[in-house]
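1. Model the following, please.
(one chain, ligands or ions: 2)
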Amino acid sequence: MLTGPSHRIRCPMKITKLSTFRVAPRWMFLKVETDEGIDGWGEPVVEGKSLSTEAAVHEFAPYLVGQDPMRINDLWQVMYRGGFYRGGPTLMSAIAGIDQALWDIKGKALGVPVYQLLGGLVRDKMKVYSWVGGDRPSDVIRDIKRLHERGFDTFKMNGSVEMGPLDNSAKVDAAIARIAEIREAFGNTIEFGIDFHGRIGLPMAKTMLRELEPHRPLFVEEPVLAEQDEHYARLAQHTSIPLAAGERMYSRFEFKRVFEAGGLAIVQPDPSHAGGISECLKIAAMAEAYDVALAPHCPLGPVALAACLHLDFVSHNAVLQEQSIGIHYNQGVEPLDYVLNPEDFVIQDGYMLPFTKPGLGVVMNEAHIREASLRAPDWRNPLWRHEDGSVAEW
Ligand SMILES: O=C(O)C(=O)C[C@@H](O)[C@H](O)CO
Ligand SMILES: [Mg+2]
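-> Ligands and ions are numbered 1, 2, ... in the order given. Presented below is the predicted three-dimensional model:
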């Protein structure tokens, strides 16, 4: 017999408003409001395409306003399938940020951190890594020293400057010498991933991997571009170095091909690009079935990082988490500049601890965000060109 107020069948909560705030350095925050005063935050953004991502978020709004935010799975399917066209960085990043906000609302409505809604913790802390060097990797030794003193022992850097499709041995030697210098300086007291950022392609990848073998990087990222993912399996035959990729893949429908073909030892979906927590959970589970490790991509802000960590804390195969504190893209703006609870972003000896507050666990400084959004930069990545004038991969 349903009698007392606690048993009253509640009218479903309703989404009332979506607001977007583009802010420095190149991020965008989404606030989803409801008729019960519970707000959820997300971070939908394609770096360098925030205006088109913002438009996509607001194109989804008519499907969401008036709907029950607790029905995350249905709203996700409506956004993914309802508009006929699907996939790609813009639509999937818009869905990602909305998905994050819906999980934030659900956790706050039920009074628990999101990872509790996803089955609870599989680990007590999560290993994180820091970027060192810049677009053209320099001063990496200095940066590693500085961060190593702060307790980090795992790093990532760009693997090279611009590289032509078939570049010369001097540039290969320069790239390798920089890595050799790191191992020389730190031995096995640190580990590092090398991100080629898609700057090399198949003609150079085997050579670079061969030359890197003796220095045993933790992984090599994007040795070829995601649109040539068919090469990962071939390259993996030529190297013992774990190959990683995924930041430019946007749903399980893209990742399934690399799982089937093999070659990637680590996948790096970005919960702010690949459909959010909901979709990245499915990608993580697929990866686990193929014994592929998970290392979510996150060169972004605090909500994106929180979404990654909730994913990490429920995924057995999560091994490393990228975070953007001090990354060269931030130009002096840091993720914690936009939150009122920096003390909850605990980094101890290169690990982060689970958030404890309900929802994603991030208390956004809305007043500062609104003010900062009045000065939103139109960030875009540099356009590089080779010696011969042709476009170079950045
Ligand atoms: O963090 C990484 O692994 C990157 O490759 C950075 C890249 O995603 C830039 O954010 C694009 O603007
Ligand atoms: Mg990368």
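2. CA only for contacts and neighbour counts going forward, please
-> Fine.
3. Contact partners for the residue in the stretch 201-350 of the chain positioned nearest to ligand 1?
-> Closest residue of the stretch 201-350 of the chain to ligand 1, Cα to the nearest ligand atom: residue 299 (4.6 Å). Going by Cα atoms under 8 Å, 6 or more residues apart in numbering, residue 299 touches 322-324, 327.
4. try residue 368
-> residue 338.
5. which SS state does it fall under?
-> Of the three states, residue 368 takes helix under DSSP: H, G, I helix; E, B strand; the rest coil.
6. so what pLDDT did it get?
-> Note for residue 368: predicted pLDDT of 98.
7. Likewise for residue 86?
-> At residue 86, pLDDT is 97.
8. swap in residue 3?
-> For residue 3, the model assigns a pLDDT of 45.
9. Which parts of the stretch 201-350 of the chain are strands?
-> 219-221, 243-245, 266-267, 293-294, 321-322, 347-348 (DSSP state E, counting those that start in this stretch).
10. what would those strands look like in JSON lines with distance to residue 135 and mean neighbour count?
-> JSON lines is the format used below for those (distance: least, Cα to Cα, whole Å; neighbours: other Cα atoms under 10 Å):
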{"stretch": "strand 219-221", "distance to residue 135": "15", "mean neighbour count": "25"}
{"stretch": "strand 243-245", "distance to residue 135": "18", "mean neighbour count": "27"}
{"stretch": "strand 266-267", "distance to residue 135": "22", "mean neighbour count": "26"}
{"stretch": "strand 293-294", "distance to residue 135": "24", "mean neighbour count": "25"}
{"stretch": "strand 321-322", "distance to residue 135": "17", "mean neighbour count": "23"}
{"stretch": "strand 347-348", "distance to residue 135": "25", "mean neighbour count": "16"}
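11. In CSV: those strands, plus distance to ligand 1 and mean pLDDT.
-> Output for the strands of the stretch 201-350 of the chain, formatted as CSV (distance: least, Cα to the nearest ligand atom, whole Å; pLDDT from 0 to 100):
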stretch, distance to ligand 1, mean pLDDT
strand 219-221, 8, 98
strand 243-245, 9, 98
strand 266-267, 11, 98
strand 293-294, 13, 99
strand 321-322, 7, 98
strand 347-348, 19, 92
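12. Mind putting these into TSV with distance to residue 111?
-> What follows is the strands of the stretch 201-350 of the chain, written out as TSV (distance: least, Cα to Cα, whole Å):
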stretch	distance to residue 111
strand 219-221	38
strand 243-245	35
strand 266-267	31
strand 293-294	28
strand 321-322	26
strand 347-348	24
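13. tell me what the helix ranked longest in the chain is packed against?
-> Taking DSSP state H as the criterion, the chain has its longest helix at helix 89-110. For helix 89-110, the elements it packs on are strand 27-34, strand 40-42, helix 50-64, helix 72-81, helix 114-117, helix 276-289, judged by 3 or more Cα pairs under 8 Å, 6 or more residues apart in numbering; DSSP states H and E.
14. Apply 7 Å and report the result again.
-> Here helix 89-110 touches strand 40-42, helix 50-64, helix 114-117, helix 276-289, going by 3 or more Cα pairs under 7 Å, 6 or more residues apart in numbering; DSSP states H and E.
15. Mind putting these into a markdown table with mean neighbour count and mean pLDDT?
-> Converted to a markdown table, the helices and strands packed on helix 89-110 look like this (neighbours: other Cα atoms under 10 Å; pLDDT from 0 to 100):
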| stretch | mean neighbour count | mean pLDDT |
| --- | --- | --- |
| strand 40-42 | 29 | 99 |
| helix 50-64 | 19 | 98 |
| helix 114-117 | 22 | 98 |
| helix 276-289 | 22 | 98 |
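16. Of these, which is nearest residue 366?
-> Evaluated with Cα to Cα, those place strand 40-42 nearest to residue 366, the distance being 10.2 Å.
17. Go ahead and name everything in contact with that closest one.
-> With contacts defined as Cα atoms under 7 Å, 6 or more residues apart in numbering, strand 40-42 is touched by 29-33, 97-98, 100-102, 104-105, 303.
18. For residue 126, state which of those is nearest.
-> Of all these, residue 126 sits closest to residue 303, with 16.4 Å by Cα to Cα.
19. if I look at the closest one, how far off is residue 66?
-> Separation of residue 303 from residue 66 (Cα to Cα, to the nearest Å): 24 Å.
20. same deal with residue 367?
-> Taken as Cα to Cα, the span from residue 367 to residue 66 is 26 Å.
21. When those two are compared, which one has more neighbours?
-> The neighbour count for residue 367 versus residue 66, taken as other Cα atoms under 10 Å, is higher for residue 66 (16 against 10).
22. picking up where we left off before, just the local confidence number for the residue of the stretch 201-350 of the chain closest to ligand 1, please.
-> The score at residue 299 is 97. That number is its pLDDT.
23. Enumerate the residues of the stretch 1-150 of the chain near ligand 1.
-> Contact residues, the stretch 1-150 of the chain versus ligand 1 (Cα under 6 Å from any ligand atom): residue 47.
24. Tell me, please, where in this protein the pLDDT is lower than the cut-off.
-> Along the chain, segments meeting pLDDT under 70 span 1-10.
25. So it: which segments form each domain?
-> Split into domains by automatic domain parsing, the chain comes to 5-113, 116-360.
26. Look up how far residue 95 lies from residue 71.
-> Residue 71 is 14 Å from residue 95, where distance means Cα to Cα.
27. meant to ask about residue 212, not that
-> Taken as Cα to Cα, the span from residue 212 to residue 95 is 38 Å.
28. Among those two, which residue is more densely surrounded?
-> Per other Cα under 10 Å, whichever of residue 212 and residue 95 has more neighbours is residue 95, with 34 against 20.
29. which ones are touching the more buried one?
-> Taking Cα under 7 Å, 6+ apart, we find residue 95 in contact with 79, 275-276.
30. The same query, at a cut-off of 6 Å, please.
-> By Cα atoms under 6 Å, 6 or more residues apart in numbering, the residues touching residue 95 are residue 275.
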